[in-house]
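# Have a look; sequence and predicted model below, questions after that.
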Amino acid sequence: MIERRHPLRSPTPGTTRELISLHFGPTDAGRKVLLQGSLHADEVPGLLVAHHLRRRLAELEAQGALRGEIVLVPFANPVGLSQWVLQAHEGRFDLASGENFNRLYADLAPRAAELLAARLAPGAAVDVAAARAALREACAGLQVDTELQSLRRTLLGLAVDAEVVLDLHCDNEAVLHLYTLPALWPDVEPLARLTGSRAVLLADVSGDEPFDEACSGVWPRLAAALSQRLGRTVELPHACVAVTVELRGERDVTHEFAAADAEALLAYLRFRGVIAGGPPPLPALVCEATPLAGSIPVLAPHGGVLVHARPVGATVRRGELVAEIVDPVGGGVTRLESPTDGVLYARESRRFVPAGTRVVKVAGREAVRSGKLLSD
Ligand SMILES: [Zn+2]
């Protein structure tokens, strides 16, 4: 294992942070995987999974079982890890800018297309290795002015030439679920089986450029940008399977979950041949993939005490009671009903909520929303 330290841009004199990446396996095999924990720094399950992955990857490396480079970034967000305000951890938004740590990743396609077009012989096909080199170069050339921007550039630089990117997050209270591109579902289906995912939410564009889409969505964008630049159709595969893995709820931090989740992620890498040992048996699929635009949040119409009526993972019907908001002053009780048939895959963890809070989220089959599809 090689440990690499990546200094971030210093925000003020005398203050520097660094991102640490752990590199396992051969770097000359032409294969690379990126696993990172807690880009939203207060989402702790991924940190414990990273702990188990670190130990297991060291064992697999010692056995000579790694067929490519596996990069583990246990703490993807040293800025957010250090943000404590009045004894509360704020790991989702950068306090300096107000920006969400998992948004606003750069689109590398225009610059990478420019670099590739200049090097391509007339009529020649584009190979994936050359495209990856151009993406690396485009990322390295990104202008950064702030610590947050340098964190985003560093994370993207570690991931953009990987064939698999697994970004480990969690929700407030939730069953395990995944986000990815619709075109990647056939590649992600074995991961859904191995992790026992209870929902898979598909979108081409979720809004505001989250990390996984910057890594996977860049491939079709690069093909389009190159085609336009060269005036001919350029074919490129979906060369990066990037998935946001939501490891249940924020308090689901146990060695039992984390060890099993780490093994499931490693089994997926065996399935893909990046780890030796042959493909593992695939468990049954326990959910279907549904459009992210069909996942409907139920909002609190007013503030009050939140009383949930259904557990996470419940299959609910349209009109079924999912929660109540209680006003202890006025005596009112507002019933909140599921807006669709589907799986109640996540719910709010606080028990007193202001108006507008997303109280539960139900994954339905029909795409009914548009615009920005993710929570703030
Ligand atoms: Zn998150």
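Looks like it arrived, so ask away.
# how about the residues of the stretch 51-200 of the chain near the ion?
residue 169 (CB under 5 Å from the ion). Yep, even glycine has a C-beta here, placed from its N, CA and C like the rest.
# What about the residue in the stretch 1-150 of the chain positioned nearest to the ion, how many residues nearby?
In the stretch 1-150 of the chain, the residue that lies nearest the ion is residue 40 (3.4 Å; CB to the ion). Close neighbours of residue 40, defined as other CB atoms under 10 Å, add up to 22.
# Which residue is the nearest non-sequential neighbour of it?
Using CB to CB, 6 or more residues apart in numbering and skipping the chain neighbours, the partner closest in space to residue 40 is residue 92 (4.9 Å).
# Tell me which residues touch that neighbour, please.
40, 41, 42, 80, 100, 101 (CB atoms under 8 Å, 6 or more residues apart in numbering).
# at 7 Å what do you get?
Residue 92 makes contacts with 40, 42, 100, 101, as judged by CB atoms under 7 Å, 6 or more residues apart in numbering.
# farthest-separated two in the residues you listed?
Using CB to CB, the contacts of residue 92 span at most 12.4 Å, a distance reached by 42 and 100.
# Can you show me the CA trace of stretch 345-355 as CSV?
Extracted C-alpha coordinates of stretch 345-355, given in CSV (Å, rounded to 0.1, in the frame of the first residue of the first chain):
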residue,chain,number,x,y,z
TYR,A,345,-36.6,4.3,1.3
ALA,A,346,-35.6,7.2,3.4
ARG,A,347,-37.0,9.4,6.1
GLU,A,348,-36.1,12.4,8.3
SER,A,349,-34.2,11.7,11.5
ARG,A,350,-35.1,14.7,13.5
ARG,A,351,-38.4,14.6,15.4
PHE,A,352,-39.2,18.3,15.4
VAL,A,353,-39.2,19.8,11.9
PRO,A,354,-39.7,23.2,10.3
ALA,A,355,-42.2,23.7,7.4
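# Show me how far it is from its chain's centre.
22 Å (CA atoms, centre = their mean, to the nearest Å).
# what's the model's confidence in whichever strand or helix holds residue 192, averaged?
Using DSSP states H and E, residue 192 maps to helix 185-195. Here helix 185-195 scores 98 as its mean pLDDT.
# counting contacts, what elements does it pack onto?
Counting contacts by 3 or more CB pairs under 7 Å, 6 or more residues apart in numbering; DSSP states H and E, helix 185-195 packs against strand 177-180, strand 199-202, strand 241-249, helix 255-271.
# so whichever residue of the stretch 151-300 of the chain sits closest to the ion bridges to which residues?
Residue nearest to the ion within the stretch 151-300 of the chain: residue 169 (3.3 Å; CB to the ion). Under DSSP bridges, the beta-bridge partners of residue 169 are residue 246.
# what's the burial count for it?
Neighbours of residue 169 using other CB under 10 Å come to 25.
# Among the contacts of residue 92, name the ones in strands.
Applying DSSP state E to the contacts of residue 92, no entry is found in strands.
# Could you export those residues as JSON lines, including pLDDT and distance to residue 240?
Output for those, formatted as JSON lines (pLDDT from 0 to 100; distance: CB to CB, whole Å):
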{"residue": "40", "pLDDT": "98", "distance to residue 240": "21"}
{"residue": "42", "pLDDT": "98", "distance to residue 240": "27"}
{"residue": "100", "pLDDT": "98", "distance to residue 240": "22"}
{"residue": "101", "pLDDT": "98", "distance to residue 240": "20"}
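# need the contact list for residue 371.
For residue 371, the contact set (CB under 7 Å, 6+ apart) comprises residue 207.
# And it, how far from residue 231?
33 Å (CB to CB, to the nearest Å).
# can you pull out the helices in this protein?
Remark: helices assigned in the chain by DSSP state H are 45-62, 78-81, 109-119, 128-140, 147-159, 185-195, 211-216, 218-230, 255-271.
# Looking at the ones you listed, which one is packed in the most?
helix 211-216 (a mean of 25; mean count of other CB atoms under 10 Å).
# Summarise which helices and strands that one is packed against.
Helix 211-216 is packed against helix 147-159, strand 164-171, strand 241-249, with contacts defined by 3+ CB pairs under 7 Å, 6+ apart.
# Dump the ones you listed into CSV; add mean pLDDT and distance to residue 205 as well.
Below are those laid out as CSV (pLDDT from 0 to 100; distance: least, CB to CB, whole Å):
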stretch, mean pLDDT, distance to residue 205
helix 147-159, 98, 17
strand 164-171, 98, 17
strand 241-249, 98, 14
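# For residue 264, which of these is the nearest?
Across the helices and strands packed on helix 211-216, closest to residue 264 is strand 241-249 (CB to CB), at 9.4 Å.
# How about that closest one and the ion, touching?
No: Strand 241-249 lies out of reach of the ion by CB under 5 Å from the ion, never closer than 7.3 Å.
# center of this protein, which residue is that?
Centrality entry for the chain: nearest residue to the mean C-alpha point is residue 244, 2.5 Å, by CA atoms, centre = their mean.
# which residue packs closest to it, ignoring adjacent ones?
residue 179 (4.1 Å).
# Would you confirm that the residue of the stretch 151-300 of the chain closest to the ion contacts residue 248?
No: taking contacts as CB atoms under 7 Å, residue 169 lies outside contact range of residue 248: 10.2 Å.
# And residue 350, how close does it get to the ion?
Separation of residue 350 from the ion (CB to the ion, to the nearest Å): 16 Å.
# who touches that residue in this structure?
residue 306.
# before we move on, what about residue 273?
Counting by CB under 7 Å, 6+ apart, residue 273 has contacts residue 67.
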